[in-house]
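Asker: Next come a sequence and a model predicted from it.
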Amino acid sequence: MNEYKLALLGFGNVGRAFLELLTTKATEIKKRYDILLDLTGIATRSHGIVIDPGGISLSTAQSFVDLKSKTGLAHMDSVEEFLDHCSADIVVEAIPVNYLDGEPALAYLRRALQNGMHVVSANKGPVVHGYPSLTELAKKEKLKYRFESAVMDGAPIFSLWREALPALQLDSFEGILNSTTNYVLMRIEAGESFQEAIASAQQIGIAETDPSGDLEGWDAAVKAAALITVLMEIPALPQQIERVGITHLTESEIRAAADQGKRWKLVCRAKRVGNNFQASVQPEAVDSSSILFQVSGTSSVITFKSDALGDLTIIEKNPGPSTTAYGMLSDVISIATESS
Ligand SMILES: NC(=O)c1ccc[n+]([C@@H]2O[C@H](COP(=O)([O-])OP(=O)(O)OC[C@H]3O[C@@H](n4cnc5c(N)ncnc54)[C@H](OP(=O)(O)O)[C@@H]3O)[C@@H](O)[C@H]2O)c1
């Protein structure tokens, strides 16, 4: 039996869901793959840092964070110090995204790789701002950098292309990649005002206190840039994507489309043009003949068009922290089984 020590960066919605899933699935993972996954460290920004080589249970982790303890089982002052001393095999990162430069997550992932640890990240910032350098560093150190959850939560996107679609060229894709806007548009269509719909999205935990990153299309643009960078192998920044959010749409425009059998969606599109790409994120009124029409609420969808496989569509219904946690666990299991 091979044992892998995991260190978690971030213990918010996703970090907690990850530890819950790890706890629930431990026996099955042991039985199916003959591996033991042990969480031995957690680092947060303001809720403390803990390292315990004997393993940290869900209840210990909960009490450590709920008590807002600064001490934990080993006191450290910085995440950098944590990464230098946690002695994990795999660092699992779920800290907030920084759309502008991917930091500090990017530097943390780099440090983890330099310290000989594989990295699994749910964060799209480092993918967009550091994919080539992180991949190169991982290769040099004979380690893995995986980020299945960064774009579509638990739905298999990157592993699908890496493992099940060899030698396929991605020519274009279209989809709905932002839950908040899709949910807000649905609620307005059903009669709520813009403000009420945003409040509903905040209430169910999908929209942040400042939801402008979602409403102005930045989140969708970063996800589109991540897909172009990794799957088309063309470096792309969110600023290079033509971007229009949903805030200029009026409530009556949104409801009028529904009266005509259409639905407004914030649609991401990208296509390969020679060695470059063209991409946009903008609202479109789609009719019932489009797959996008069917995908409402917090669900997301992507259709890939490739040279040899035609259209391939993946729909993820009602994703959330627990499905994101699954994407991260799938990365961890894949790294552990490949290394065993
Ligand atoms: N929520 C989802 O369903 C979902 C889906 C896909 C991808 N993601 C990605 O997953 C990541 C985490 O999302 P979340 O919803 O779990 O966020 P969250 O609830 O805000 O939790 C963030 C965690 O990161 C910690 N943190 C913040 N800055 C840090 C730093 N500099 N160093 C170490 N720890 C730090 C926070 O600690 P303190 O509490 O002490 O500040 C907190 O524990 C984001 O990148 C997000 O885009 C989330």
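Answerer: Looks like it arrived, so ask away.
Asker: hey, let's count contacts and neighbours off CA atoms from now on
Answerer: Fine.
Asker: Worst mean pLDDT across the helices and strands of this structure, which element?
Answerer: Every helix and strand of the chain was ranked by mean pLDDT, DSSP states H and E. The lowest is helix 58-66, at a mean of 78.
Asker: Going toward the C-terminus from it, what's the next helix or strand?
Answerer: helix 79-85 (DSSP states H and E).
Asker: Tell me which residues of that following helix come out buried.
Answerer: Val79, Phe82, Leu83 (16 or more other Cα atoms under 10 Å).
Asker: and the least confident helix or strand of the chain, what other elements does it pack with?
Answerer: Counting contacts by 3 or more Cα pairs under 8 Å, 6 or more residues apart in numbering; DSSP states H and E, helix 58-66 is packed against helix 13-33.
Asker: Neighbouring strands - and their directions - for whichever helix or strand comes after the helix it packs on?
Answerer: Downstream of helix 13-33, the first helix or strand assigned by DSSP H and E is strand 35-43. Within its sheet, and counting by DSSP bridges, strand 35-43 is paired with strand 2-9 (parallel), strand 49-51 (antiparallel).
Asker: a markdown table for the ones you listed, including mean neighbour count and distance to the ligand?
Answerer: Listed next are the strands paired with strand 35-43 as a markdown table, based on neighbours: other Cα atoms under 10 Å; distance: least, Cα to the nearest ligand atom, whole Å:
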| stretch | mean neighbour count | distance to the ligand |
| --- | --- | --- |
| strand 2-9 | 21 | 5 |
| strand 49-51 | 26 | 9 |
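Asker: Which one of these has the poorest average confidence?
Answerer: Ranked by mean pLDDT, these end with strand 49-51 at the bottom, a mean of 88.
Asker: From the chain's centroid, how far away is that one?
Answerer: 24 Å (Cα atoms, centre = their mean, to the nearest Å).
Asker: now stretch 12-25
Answerer: With Cα atoms, centre = their mean as the basis, stretch 12-25 stands 15 Å off its chain's centre.
Asker: contact partners of it?
Answerer: 8-9, 37, 39, 57-58, 94-95, 321-322, 324-326, 328-329 (Cα atoms under 8 Å, 6 or more residues apart in numbering).
Asker: Does it reach the ligand?
Answerer: Yes. Counting by Cα under 6 Å from any ligand atom, the ligand has neighbours in stretch 12-25: Gly12, Asn13, Val14, Gly15.
Asker: Show me which residues of the chain are close to the ligand?
Answerer: 9-15, 43-47, 79, 94-97, 104, 122-123, 149-150, 153, 320-321, 324.
Asker: Nearest residue to the middle of this protein?
Answerer: Ala150 (2.2 Å; Cα atoms, centre = their mean).
Asker: Tell me who's in contact with the closest residue to Asp307 other than its chain neighbours.
Answerer: In this structure, Asp307 finds its nearest non-sequential neighbour in Gln169, 5.6 Å apart by Cα to Cα, 6 or more residues apart in numbering. Residues in contact with Gln169 (Cα under 8 Å, 6+ apart) are Met232, Ser306, Asp307, Ala308.
Asker: Near the first one, how many other residues are there?
Answerer: This means Met232. Met232 has 21 neighbouring residues, counting by other Cα atoms under 10 Å.
Asker: For it, what are phi and psi?
Answerer: Dihedral pair for Met232: phi -100, psi -10, per degrees, to the nearest 10.
Asker: Neighbours of the residue in the stretch 151-300 of the chain that the ligand sits nearest to, how many?
Answerer: The nearest approach of the stretch 151-300 of the chain to the ligand comes at Asp153, 4.6 Å away (Cα to the nearest ligand atom). The burial count assigned to Asp153 is 23, neighbours taken as other Cα under 10 Å.
Asker: any idea how far Asn123 is from it?
Answerer: Using Cα to Cα, to the nearest Å, we find Asp153 at a distance of 10 Å from Asn123.
Asker: how about the helix or strand hosting Lys139: buried residues?
Answerer: Using DSSP H and E, Lys139 maps to helix 124-140. Neighbour counts over helix 124-140 (16+ other Cα under 10 Å) mark 124-132, 134-135, 137-138 as buried.
Asker: between these, which is nearest the ligand?
Answerer: For the buried residues of helix 124-140, the nearest to the ligand is Lys124 (6.4 Å; Cα to the nearest ligand atom).
Asker: so what's that closest one up against?
Answerer: So Lys124 contacts Val97, Gly102, Phe147, Ala150, Val151, Val222, Lys223, Ala226 (Cα under 8 Å, 6+ apart).
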